[in-house]
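Peer 1: Kindly generate the corresponding structure for this input.
(one chain, ligands or ions: 3)
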Amino acid sequence: MIFITGTDTGVGKTYISYLLTKALLESGKKVAYFKPVETGCISECEDAKKLSSITGQSIDEVVLYKFKNPVAPLVAEREEGLNISIDKIMDHFEYLKNKYNFVVVEGAGGIYVPITKVKGKIYTYLDLVKDLKIPVIIVARANLGTINHTVLTINALKNIKADIKAVILNKASKNPNLAEKTNPDIIKEMTNIENIIKVYENQKDFKLLPNLLE
Ligand SMILES: Nc1ncnc2c1ncn2[C@@H]1O[C@H](COP(=O)(O)OP(=O)(O)OP(=O)(O)O)[C@@H](O)[C@H]1O
Ligand SMILES: C[C@H](N)[C@H](N)CCCCCC(=O)O
Ligand SMILES: [Mg+2]
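Peer 2: Ligands and ions are numbered 1, 2, ... in the order given. As a prediction, the model looks like this:
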């Protein structure tokens, strides 16, 4: 199982989920993709559509809560009057875990994005990672500005003792500037995360990390 989070919305969580899911399917795994909440589903839910096209799942099996407004789940549930149940998300994850032998879960935006309120307290994707008790891959930008966002995200996850399997520096350039060239080593030096992997613009394959399937 793996939870795909990111340093922001639009950093490539779905893109990486797709490459990872494709690699897992090609390795013979029976893989499910799970997007607990998808917002910005104007005509359809893009993330769910993209991943279900390779897992063969129905959209309803992939995404539990669909919202039209392209906002944080907490805002969307208030705006559209549909309450998100964390218990339902946990139950659906258990169902997928029993039906498939690998589940790729994608958040929405970054790790502190609020999903809903539970007993009067804001519940974020960090809380969901803690409750799901599954390892995490962080998707970040490769270019200038990513050190801060990535180290903030790593530290938030370290605080809940999450198992961070890798940091993906996405949309990496083949001709990196000094910032992009030095980012991986600086992040490693600041966080001791070993698996810092570049994924290039339009890269179509993804080498499965040996530790991912542990
Ligand atoms: N390595 C890449 N090469 C080319 N295009 C990419 C790459 N990574 C992401 N993209 C594109 O960038 C856009 C944003 O990526 P994506 O939808 O995966 O972000 P996200 O983090 O899943 O966003 P959200 O928070 O909305 O789920 C998409 O159009 C996607 O196809
Ligand atoms: C609409 C977008 N594509 C995502 N699904 C939701 C991103 C929420 C980001 C909230 C925030 O960090 O400001
Ligand atoms: Mg996405």
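Peer 1: From now on I want contacts and neighbour counts done on CA atoms only, so please keep to that.
Peer 2: Fine.
Peer 1: Would you check how far apart the residue lying closest to residue 83 once chain neighbours are set aside and ligand 2 are?
Peer 2: Distances taken as CA to CA, 6 or more residues apart in numbering put residue 77 closest to residue 83, at 5.6 Å, once the chain neighbours are dropped. Distance of residue 77 to ligand 2, computed by CA to the nearest ligand atom, to the nearest Å: 12 Å.
Peer 1: I'd like to know how far the residue of the chain positioned farthest from its centre sits from ligand 1.
Peer 2: Farthest-out residue of the chain from its mean C-alpha position, per CA atoms, centre = their mean: residue 178, at 27.6 Å. Separation of residue 178 from ligand 1 (CA to the nearest ligand atom) stands at 20 Å.
Peer 1: again with residue 186
Peer 2: Taking CA to the nearest ligand atom, one finds residue 186 at 21 Å from ligand 1.
Peer 1: just residue 100 next, same as before
Peer 2: For residue 100 relative to ligand 1 (CA to the nearest ligand atom), the value is 22 Å.
Peer 1: likewise residue 79?
Peer 2: For residue 79, the distance to ligand 1 equals 18 Å [CA to the nearest ligand atom].
Peer 1: and what of residue 140?
Peer 2: Separation of residue 140 from ligand 1 (CA to the nearest ligand atom): 9 Å.
Peer 1: residue contacts, that residue?
Peer 2: 6-8, 11-12, 146, 149-150, 167-170 (CA atoms under 8 Å, 6 or more residues apart in numbering).
Peer 1: okay, residue 67: pLDDT?
Peer 2: pLDDT recorded at residue 67 is 98.
Peer 1: oh, I was asking about residue 212
Peer 2: On the pLDDT scale, residue 212 gets 71.
Peer 1: Kindly report the same for residue 207.
Peer 2: pLDDT, read off for residue 207, is 89.
Peer 1: Could you check how far the nearest residue to it once chain neighbours are set aside is from residue 104?
Peer 2: Counting by CA to CA, 6+ apart, the nearest residue to residue 207 once its immediate chain neighbours are dropped is residue 23, at 7.2 Å. As judged by CA to CA, to the nearest Å, residue 23 and residue 104 stand 12 Å apart.
Peer 1: which of those two has more neighbours?
Peer 2: residue 104 (22 against 16; other CA atoms under 10 Å).
Peer 1: Which of the three states applies to the residue nearest to that one when sequence neighbours are not counted?
Peer 2: Spatial nearest neighbour of residue 104, chain neighbours left out: residue 33 (4.7 Å); criterion: CA to CA, 6+ apart. At residue 33 the chain is in strand, as set by DSSP: H, G, I helix; E, B strand; the rest coil.
Peer 1: Now do the contacts for residue 33.
Peer 2: 21, 51-52, 55, 62, 103-106.
Peer 1: Tell me which two of those residues sit farthest apart.
Peer 2: Within these, 55 and 106 form the most distant pair, 14.3 Å apart (CA to CA).
Peer 1: Give the residue from the two that has the larger number of neighbours.
Peer 2: For residue 55 versus residue 106, the count of surrounding residues by other CA under 10 Å is larger for residue 106: 27 against 17.
Peer 1: so that one bridges to which residues?
Peer 2: residue 4 (DSSP bridges).
Peer 1: Quick check: it touching residue 12?
Peer 2: No: look at residue 106 against residue 12 with CA atoms under 8 Å: they stay out of range, at 10.7 Å.
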